[in-house]
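Trainee: Only the shape, not the letters, is given here:
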């Protein structure tokens, strides 16, 4: 999409070497215009498009709106986990309490996402560095994730996956040792 | 990775050994020369036909137990056998080729005396049955009664014999003891009394024991007091007294205490008996006599001779005489290994080899010995009894014969000339009293290795040498195994047999093959390989009283190499009360040389403690009638352990006759003190049985999970006893069955229940926290199951130790009853290694089937209306009828006749329980109450799964390589 009037543009008129049908052709790129270079010109090291500038144009005007944008963006990150909670609740409701592959997968996802987020919380904090309300946002983010994992635990509980009942520990009870030895029977 | 191939299962079933018991009557089917049938009637009320070539059963008819089915007599004519059953209740005629019933007649009541074929003009047409007060004549073809006549003066005269010489009359002989003989002659056609005589015989008490019919209608009696024979011709018109013949006049020496026994023979029922007869003068002394024209002459005298018998073939009659062989030559029979019954008879014969005896044939007419008729036979002669001697004519017109011998240890042996054992059967196994299953030993090489680590270290170099030598032995064994494989592979497949011998006897991977040690009522012990049913060893204990009580205990298992396993059999003589111990190695059957304590006092009970001596044998306590305890083994170590443990050793005794249960505690000086006593009044009820828990039972789960996921803990009292009583009043309205659950240590009655309008037979099982019992409901006239389950509640009182002395709270007891659609012979519960597998009840039915009934159906928590919680718990809603599903029959069509007991043993696999059902037959199988959860399925596709695994492995390898190449290429760009 470069403009034809750009720097380094070249006009060349094809002679007998070009295909005969064409009267003329406009070559917008620099460099080798002939031979097999034709097709590989994209790979060439001089392939700047028309109007490309090597130097970055510094935008020196820091505006108040941008700062607001950053704040907003940071709040978005911080509130992300909280926003997911209604959706999770809906999924929880829909998946039911039966133990089958889909509810289990969902519970795993629900549990895993907050845990992952909590593990990479330092990275998130780095993202929030630019914000002025960094600590508050971090706290909200933490709370959101904790709520998410609490929800997952609640779901596990309602599905009966948590060993909270005495029956879950039944298999580990050793048979009691007997203190007396007894035997006998009918008189032979 | 264990496969029980179907082929193996079928072979297994084929070998079901079937027995008949102690033979009373035996007959050879003689109506055709080629016949190979042997008919036997036994004390177990069985009428069967044996193949005389192999000893297998052709058919078998099992009648009722008890006197109702008792076979009084067996007679054979042509193809039909006539049997009188149940003290003259029934007269039956059997077709012998297929064992079909020709006809059956119900006879009038009256105690049976004798029966005889009645022939007219050389044809046998009728069978006469003599009862205490009547005689009846039946047609042989249809069983219809021709006539029945009351006997004259039957209240004073004991009629005992019926005789017919084949000339149109029937003689009935009776005796008034120590007074006279009564002879009544009947007309065959209409039962009219033709003649009636009485002959004075003041010395005679019984016709059956001292009189026989000899020659053409001559009654011959022996009198021990005057040492003379008396003859009386039945048909004589004028003679009224018996003619005496002094034995001394025959030149016969008669010893003091002379108990004469006369043996005569009537080869054809329509013809008179032979005039030759045997007279037994002493236990080992017989003479062959002849009666001719009223005169008795001696043909031959046999001294010594154990047994004599007549046998007839065609027109020839011979006498067979069994006498001791003078030279003590031990003859070893070579036995075929194909038949499971006589694989190891060999060793027994060798042991008694010096007691050889000889059977010879003598011509009955002359007393001349027939040439080439000797059978040298070397079994215990005192026990041996030729039941039946069958003779046949050889092609060269000489006489050949076969002998069926039954010995005291109930071995039926069929001998043929010249001294060949055709087959033998172990009929003692029809009466198994108790049994145990013992693990087989490890193979020799495995044992060698175990032994190396078991012994104490004795220096570095010897240890290295020992290790090297054991490795060398392993290598050697492996090489020989390979060689054997190679050798077997060359042979055709059918020739390779999985024979079980002591050499090949070793424990398999999952301990599924075990040694079954069986104790039979006759006092014979058997060691049977559980996989093939082969009798590997047998041991006959002599001088066992017929009503002895046996208790078999495994004192040391095979786990303690190099100490051999050790079993102890306690035999108690019911009459004297004295007990004796027999200690043996259960694998090889050898008597152990351990010194056994002398037991001078009657033994009341024994108790096997979990304590062990230094040589790993468990301590056996024997309680005598003064409540003193004898320990076996009684080494210093044991006594010391006993002293330390004495205060925690308790035992209980149940005296059924006095209705008393008493508990004792051991004192340090091996005396005892009575600590509790419960008396159940015998006027009201009597104790039928008492059962504790099995010592090797494990319970994995300590509670049951409820629908709300809480736990109901089981009341697992190892000292709990279930006592079942029965009312003495057997009236239908007032009879009851009582069940008491008593703590054996404290004597506390934990629970008692009474089942009204219930009666015996009662069977019960006590295991884990439940008791299941079966009774007959007299009101509804049906069999019912009742189950009692005990729970501790939602909390455990003490989860680490159990002491009966510290149990403040009584358990909660739940009970439920069900209708069972069949009567029951026996009841047992499955048992597994760790008790994880769910339990089944094994129910032996009188039909011979064994039902594996899931315990789940006998659960008192079954709700009447299914709720969510009960569904969560997998409880089946209550329904009073208990189903019997055909797929629960674990023995398919291999019925176990008269199943008397079921023995269960755990195997090395948790899912598998070994089951042995014994009665007349012995059936061994495996049951899987929770399916084979620890075993790969039969149709497990090893090829598919391993190929998928390998394929995936290679795919990963290849894709990993490809990925590496691609990454490298990209990096280069």
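Mentor: Looks like it arrived, so ask away. As the structure is a computational prediction, the values presented were derived from the model and not from experiment. Residues are numbered from 1 along each chain as shown, chains lettered A, B, ... in the order given.
Trainee: CA atoms for contacts and neighbours, from now on please.
Mentor: Fine.
Trainee: wait, doesn't residue B:175 sit right on residue B:205?
Mentor: Yes: applying C-alpha atoms under 8 Å, one finds residue B:175 in contact with residue B:205, separated by 7.3 Å.
Trainee: higher neighbour count, the two?
Mentor: Remark: of residue B:175 and residue B:205, residue B:175 carries more neighbours, 25 against 18, as counted by other C-alpha atoms under 10 Å in any protein chain shown.
Trainee: Quick check: closest non-adjacent residue to that one.
Mentor: With sequence-adjacent residues excluded and distances taken as C-alpha to C-alpha, 6 or more residues apart in numbering or on different chains, residue B:175 is closest to residue B:181, at 4.4 Å.
Trainee: helix, strand or coil for residue A:84?
Mentor: helix (DSSP: H, G, I helix; E, B strand; the rest coil).
Trainee: Check residue B:904 too.
Mentor: strand.
Trainee: secondary structure element for residue B:786?
Mentor: strand B:782-793 (DSSP states H and E).
Trainee: Give me the contact list for that strand.
Mentor: B:712-715, B:769-777, B:810-823, B:858-860 (C-alpha atoms under 8 Å, 6 or more residues apart in numbering or on different chains).
Trainee: just stretch A:84-103 next, same as before
Mentor: Surrounding stretch A:84-103, the residues in contact under the criterion C-alpha under 8 Å, 6+ apart are A:106, A:110, A:147-148, A:155, A:158-159.
Trainee: Let's have these in JSON lines, adding pLDDT.
Mentor: Output for the contacts of stretch A:84-103, formatted as JSON lines (pLDDT from 0 to 100):
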{"residue": "A:106", "pLDDT": "85"}
{"residue": "A:110", "pLDDT": "85"}
{"residue": "A:147", "pLDDT": "91"}
{"residue": "A:148", "pLDDT": "89"}
{"residue": "A:155", "pLDDT": "88"}
{"residue": "A:158", "pLDDT": "87"}
{"residue": "A:159", "pLDDT": "85"}
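Trainee: which of these tops the neighbour count?
Mentor: residue A:148 (26 neighbours).
Trainee: which residues does it contact?
Mentor: Contacts of residue A:148 (C-alpha under 8 Å, 6+ apart): A:81-82, A:85, A:110-111, A:114.
Trainee: Now do the helices in the stretch 1-150 of chain B.
Mentor: Secondary structure of the stretch 1-150 of chain B (DSSP state H, counting those that start in this stretch): helices located at B:6-14.
Trainee: Low-confidence stretches in it?
Mentor: B:1-16, B:30-34 (pLDDT under 70).
Trainee: show me what contacts the closest residue to chain A within it?
Mentor: Residue of the stretch 1-150 of chain B nearest chain A, by C-alpha to the nearest C-alpha: residue B:66 (23.4 Å). When contacts are counted by C-alpha under 8 Å, 6+ apart, residue B:66 touches residue B:45.
Trainee: Tell me the pLDDT of the closest residue to residue B:802 other than its chain neighbours.
Mentor: What sits nearest to residue B:802 in space, not counting adjacent residues and going by C-alpha to C-alpha, 6+ apart, is residue A:178, at 4.7 Å. pLDDT, residue A:178: 87.
Trainee: Show me what from chain A comes close to chain B.
Mentor: Taking C-alpha under 8 Å from any C-alpha of the partner chain, the part of chain A that reaches chain B is made up of A:165-168, A:170-171, A:173-188.
Trainee: Now list the buried members of those.
Mentor: A:167, A:170, A:175, A:180-188 (16 or more other C-alpha atoms under 10 Å in any protein chain shown).
Trainee: where does the stretch 351-500 of chain B dip in pLDDT?
Mentor: If you take pLDDT under 70 as the line, the stretch 351-500 of chain B has these spans: B:351-357, B:371-373, B:376-400, B:417-419, B:444-458, B:491-500.
Trainee: I should have written chain A there, sorry.
Mentor: A:1-20, A:29-46, A:60-64.
Trainee: Run through the helices of it in chain order.
Mentor: Residue ranges of the helices in chain A, as given by DSSP state H, are A:64-95, A:101-119, A:121-127, A:134-159.
Trainee: Which of the ones you listed sits closest to residue B:943?
Mentor: Nearest to residue B:943 among the helices of chain A is helix A:101-119; the distance by C-alpha to C-alpha comes to 28.7 Å.
Trainee: Report the buried residues of that closest one.
Mentor: In helix A:101-119, counting by 16+ other C-alpha under 10 Å, buried: A:103-104, A:106-107, A:110-111, A:113-115, A:117-118.
Trainee: before we move on, the earlier item: OK, contacts around the residue nearest to residue B:802?
Mentor: B:718, B:801-803.
Trainee: State the distance from residue A:118 to residue A:86.
Mentor: Here the criterion is C-alpha to C-alpha, to the nearest Å. By it, residue A:118 lies 19 Å from residue A:86.
Trainee: per-residue confidence for residue B:747?
Mentor: Predicted confidence (pLDDT) for residue B:747: 90.
Trainee: hang on, it packs against residue B:679?
Mentor: No: between residue B:747 and residue B:679 no contact is recorded; they are 10.8 Å apart, counting by C-alpha under 8 Å.
Trainee: Those two: which has the busier surroundings?
Mentor: A count of neighbours by other C-alpha under 10 Å puts residue B:747 above the other of residue B:747 and residue B:679, at 22 against 12.
Trainee: how about the nearest residue to the more buried one, chain neighbours excluded?
Mentor: Residue B:747 sits nearest to residue B:676 (C-alpha to C-alpha, 6+ apart), 5.7 Å away.
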